[in-house]
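Participant: mind folding the following:
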Amino acid sequence: MRDLFREQIEKSNLSLSTKTMYLRLGKHYNSMFKERPFDKENIENFMHSSNTKNGQSRNHNVTRAFLKRYYTIYDKLHLIPHIPKPERKSRIITYYTPQEIGMLRDICADKKLKLIILLLYKVGFRISELCNLKRKNLDLINGKVRFIGKGNKEAEMELTNDIVEQLKEWCAGLNAEDKVFNKTGRVTVWRKLKQLEGMFKLVNPEFNKNIHPHGFRHSLATELLDRDVDITIIKEIMRHSNIETTSIYAHIKQPKVWAAYKQVMEGEKNVKDEYRRIIGEEVKVEEVRESDDSGNKEDEGLVEGEGLQSEELVLPDLYRLWF
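Facilitator: Next up, the predicted model:
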């Protein structure tokens, strides 16, 4: 029985960290219920034993997901009663302004850390994605990066020109299988950012934010939002599986986000058509430009003969313009 669960988990497309978590919980479950592995009473007892110390909401949801998968593998899903999700406390999202990020990079003497900050902010990498990035994932000729993201999903992002130039210099001499940031794990990045935070607060005593890797990802989303980028495009850039996740940035620009969110959820505009118009098929520049009273076509500084020379505007071009 135990071997079947392990075999199914190892064959799955789950991320390594999720597989490790499920196997650890499976071992714990089997040790608790050797004689009666499938019993409704077991579920309550197991939930109680797993949700300890801090982060109970997170532990609760992980345990629920494990039990569902465990009972599904053994075709016993019908034995699982309804397990309500716990109420999660609202959290304050830490983000940094472009000026703050610029000042952070200015006082940073560590060339590697400066590049890491740039990638976390402008590409929106999660720290695990960045630490696992290999030279073969980078297409510096075409300015693209392809990698395995959250949920073991393939992702592709555009790279801005300044990132491409810095990566060309940094990756010189690396082989295809070499990690871009060799011997740099999430703990190392966290520690270095905390050291940088201490230095920054000495120079700027009024700065009262905690600096952590995911904060730069939040900063990307809020910067795009601040520039009136459509919430459906932000969802795509952030690689969120659900638009509800993108809406967590509502506390920053509440009227703007919730107006867009309401439009999407209530069907005031067709999301599929909008999605296809923006990032699926090629879009004509004239479709996104607005005419002013004088009849001159322009859209946020883009006029005929300036900026983009092509008559076709697609997501990569828009993304480059924002930075």
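Participant: so, low pLDDT: which residues of the stretch 201-323 of the chain?
Facilitator: Applying pLDDT under 70 to the stretch 201-323 of the chain flags residues 250-323.
Participant: so where do the strands sit in this protein?
Facilitator: Under the criterion DSSP state E, strands of the chain are mapped to 138-139, 144-148, 154-158, 283-284, 290-291, 297-299, 302-303, 312-313.
Participant: how is the chain partitioned into domains?
Facilitator: According to automatic domain parsing, the chain is divided into the following domains: 2-79, 98-227, 250-322.
Participant: any stretches of the stretch 51-200 of the chain with poor pLDDT?
Facilitator: Residues of the stretch 51-200 of the chain that meet the cut-off, pLDDT under 70, sit at 51-59, 77-91.
Participant: just the helices in it please.
Facilitator: 56-73, 98-107, 111-122, 127-131, 161-170, 186-203 (DSSP state H, counting those that start in this stretch).
Participant: name the residues of the fifth one that are buried.
Facilitator: Of the residues in helix 161-170, those scored as buried under the neighbour-count criterion (16 or more other CB atoms under 10 Å) are 163, 164, 166, 167, 170. (Each C-beta comes from the backbone N, C-alpha and C, glycine too.)
Participant: cool, and the last one?
Facilitator: Neighbour-count burial for helix 186-203 flags 189, 192, 193, 196, 197, 200 (criterion: 16+ other CB under 10 Å).
Participant: just the second one next, same as before
Facilitator: Of the residues in helix 98-107, those buried under the neighbour-count criterion (16+ other CB under 10 Å) are 100, 101, 103, 104.
Participant: which pair of these spans the longest distance?
Facilitator: Across the buried residues of helix 98-107, no pair lies farther apart than 101 and 103, at 7.4 Å, counting by CB to CB.
Participant: coming back round to it: closest one of the buried residues of helix 161-170 to residue 111?
Facilitator: Of the buried residues of helix 161-170, the one sitting nearest to residue 111 (CB to CB) turns out to be residue 170, at 8.0 Å.
Participant: not counting sequence-adjacent ones, nearest residue to that closest one?
Facilitator: Of all residues not flanking residue 170 in the chain, residue 115 sits nearest, at 6.0 Å (CB to CB, 6 or more residues apart in numbering).
Participant: list the residues that contact that neighbour.
Facilitator: 166, 167, 170 (CB atoms under 8 Å, 6 or more residues apart in numbering).
Participant: make it 10 Å
Facilitator: 105, 108, 163, 166, 167, 169, 170, 180, 181 (CB atoms under 10 Å, 6 or more residues apart in numbering).
Participant: any idea how far it is from residue 24?
Facilitator: Distance, residue 115 to residue 24, using CB to CB, to the nearest Å: 34 Å.
Participant: now residue 228
Facilitator: Distance from residue 228 to residue 24, counting by CB to CB: 45 Å.
Participant: ditto for residue 11
Facilitator: 18 Å.
Participant: for residue 164, same thing?
Facilitator: Distance, residue 164 to residue 24, by CB to CB: 40 Å.
Participant: kindly report the same for residue 129.
Facilitator: In terms of CB to CB, residue 129 sits 23 Å off from residue 24.
Participant: the two - which one has more neighbours?
Facilitator: residue 129 (22 against 11; other CB atoms under 10 Å).
Participant: pull the residues that contact stretch 162-179.
Facilitator: 111-112, 114-115, 118-119, 122-123, 130-145, 158-160, 180-182, 323.
Participant: quick one, which of those are buried?
Facilitator: So, of the contacts of stretch 162-179, 112, 114-115, 118-119, 122-123, 130-133, 135, 137-138, 143, 145, 158-160, 180-181, 323 end up buried under the neighbour-count rule (16+ other CB under 10 Å).
Participant: which residues sit against stretch 206-213?
Facilitator: 94-97, 100-101, 103-104, 116-117, 120, 125-128, 130-131, 186, 189-190, 192-198, 200-201, 215, 218.
Participant: end to end on that stretch, go ahead and measure it.
Facilitator: For stretch 206-213, the separation between the terminal residues is 21 Å (CA to CA, to the nearest Å).
Participant: would you mark the buried spots in it?
Facilitator: Buried, per 16+ other CB under 10 Å, within stretch 206-213: 211, 212, 213.
Participant: ok, stretch 242-249 next?
Facilitator: 243, 246, 247, 249.
Participant: looking at these, which are in helices?
Facilitator: Those of the buried residues of stretch 242-249 mapping onto helices are 243, 246, per DSSP state H.
Participant: in CSV: the buried residues of stretch 242-249, plus distance to residue 236.
Facilitator: Converted to CSV, these look like this (distance: CB to CB, whole Å):
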residue, distance to residue 236
243, 10
246, 9
247, 14
249, 15
